[in-house]
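**Q** Would you be able to build a 3D model of this:
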Amino acid sequence: MRSSSQTRRRWTARAAVGAMLIAGLGTVGGGSALAVHNLAFELDTGSAGANTADDTVADPPIDWEDLFKGPAGSDISQKVTLPSADPGLAGFQASGGRADYALPDFSTYATGSKDTLPIAGGWQCSKSNNVGDKVDIVNSYATAYINPANSHLILYYGVEKSSPTGDSNVAVWFLKDGTVDCANTGGGAKNWTGHHKDGDILLVSAFTNGGGTANVNAYRWNGDDTGSISTTPLASGQLCGTGSDDACSVVNKQDLTPPWNHPDKDGGALNANEFFEGGVDAGPFGADSCFATAVANTRSSQSLTATLFDFDRFSLPVCGKLAVQKYIDADLSGTNNVGDTISGADVMTTRSPSRDRCPPRRPSAPEPRTTTASWPAPRAASRTCFPVTTRSQRRRRPASSTRMQQTARPRRKSTRPHQ
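**A** Model (predicted):
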């Protein structure tokens, strides 16, 4: 029999081995083995910085031009529908994007809107005829990917700006309410629709030193619109590829020409420091990960209370869309087939008159011994039917009741009508 001290030593040794194994898994290949920049989506870490093109011959990794298209002279649009049967797109759940370069711009924040405020009553949008170039969003887009190694949901974003002047601060809200939006056609500030839901995520990226430095933080909203945003980041990071990055961002270092319309201030290619992309590990994918809307914004700083300028809102249905069709199962087959009623009309009009079962009873009605069928019979004579009972009901019914029903059952007679 082992002593208590021997047992403690054995468990201490096992715990130490487990800790070493976990530490080893976390440092495979240097840095985090599950960094958001080295998965199936391409966040560029080379000297040229970020771009939208797939720089590899084989997929994955996937880049923005694998998900979006825009023939010459066209705005950005989806190239594929996700999820896809294409093995190269395995794990990608949704994508969405929108052009936002037209003037006047109806998607700018009204004075006083803050990320720390509830959406309903706290956010407003307004029209602007002249958005400042350094805060004017040209295009924005996002995609959602499930990492097969740990089933975590990774959220990626891309934002194009009109001018690279000064430091750049961009952010993206990943929201679970699909009704969040602000439609302004002019005439003053308008309130946003929709609400915060518990678990909404704000990913904030601040670029300084000509894009050579990035400070990236992801924040969680706790509760509904009456809740608040946590000031403690759920994930943090830097430039992609420079450290452990549960969250990271990167900017383009060279001119960039996406295949969709991208009219920046000078009307040509996107200049250096005008394109930003990044990602965040949102944790295990599940029912709590059903994001539906993305809202990109430009801001005065990385602070949660920063002044907000331009925004670009689009749909990002991470958990897909649910379509439901109601029908009445007339033949009790368990499937919607020929003869079933989809419109919700009385099923008695579609049932086969040859069945010897009684029509469904209302739950509140007393159980009848016998009843007359309510659908028209093919012959002039009426037909007698009997209640259909399950085996369990027959087992539960007292023996005396069964004998009474058997004795009360009418004898089969001629179906010839009475004269």
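**Q** can you map out the helices along the protein?
**A** 4-26, 64-67, 119-122, 391-396, 399-408 (DSSP state H).
**Q** Can you list the helices and strands that the third one packs against?
**A** By that I understand helix 119-122. Where contact means 3 or more CB pairs under 8 Å, 6 or more residues apart in numbering; DSSP states H and E, helix 119-122 is not packed against any helix or strand. The way it works is simple: take the backbone N, C-alpha and C, and place the C-beta from them, glycine included.
**Q** For the stretch 251-400 of the chain, which segments are assigned as strands?
**A** All strands of the stretch 251-400 of the chain, identified by DSSP state E, counting those that start in this stretch, fall at 275-284, 293-299, 308-315, 371-372, 384-385.
**Q** wait, what's in contact with the residue nearest to residue 211 when sequence neighbours are not counted?
**A** Ranked by CB to CB, 6 or more residues apart in numbering and with sequence neighbours excluded, the top spatial neighbour of residue 211 is residue 251, at 3.7 Å. Counting by CB atoms under 8 Å, 6 or more residues apart in numbering, residue 251 makes contact with 49, 50, 168, 207, 211, 214, 272, 273, 275, 276.
**Q** Repeat that for residue 197.
**A** 175, 176, 177, 221, 224.
**Q** Likewise for residue 286?
**A** Contacts of residue 286 by CB under 8 Å, 6+ apart: none found.
**Q** Over to it: give its phi and psi.
**A** Backbone torsions for residue 286, taken as degrees, to the nearest 10, come to phi -170, psi -160.
**Q** Report pLDDT for it.
**A** We note a pLDDT of 90 for residue 286 in this prediction.
**Q** can you give me the strands for the stretch 51-200 of the chain?
**A** 68-69, 77-78, 92-99, 105-109, 124-128, 137-147, 152-161, 168-175, 190-191.
**Q** counting contacts, what elements does the second one pack onto?
**A** Spelled out, it's strand 77-78. Against strand 77-78 (3+ CB pairs under 8 Å, 6+ apart) you get strand 68-69, strand 92-99.
**Q** The longest one pairs with which strands?
**A** Just to be clear, that refers to strand 92-99. With DSSP bridges as the test, strand 92-99 is paired with strand 137-147 (antiparallel).
**Q** what's the angle between the strand it pairs with and strand 275-284?
**A** Counting by axes from the mean of the first three to the mean of the last three CA atoms, to 10 degrees, strand 137-147 lies at 30 degrees to strand 275-284.
**Q** tell me the average confidence for strand 137-147?
**A** 98.
**Q** Report the inter-axis angle for that strand versus strand 105-109.
**A** Going by the same axes, to 10 degrees, strand 137-147 makes 70 degrees with strand 105-109.
**Q** got the helices and strands packed on strand 77-78 as JSON lines, with distance to residue 148 columns?
**A** Formatted as JSON lines, the helices and strands packed on strand 77-78 follow (distance: least, CB to CB, whole Å):
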{"stretch": "strand 68-69", "distance to residue 148": "23"}
{"stretch": "strand 92-99", "distance to residue 148": "11"}
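**Q** Can you tell me which of these is packed in deepest?
**A** Highest mean neighbour count of the helices and strands packed on strand 77-78: strand 92-99, a mean of 23 (counted as mean count of other CB atoms under 10 Å).
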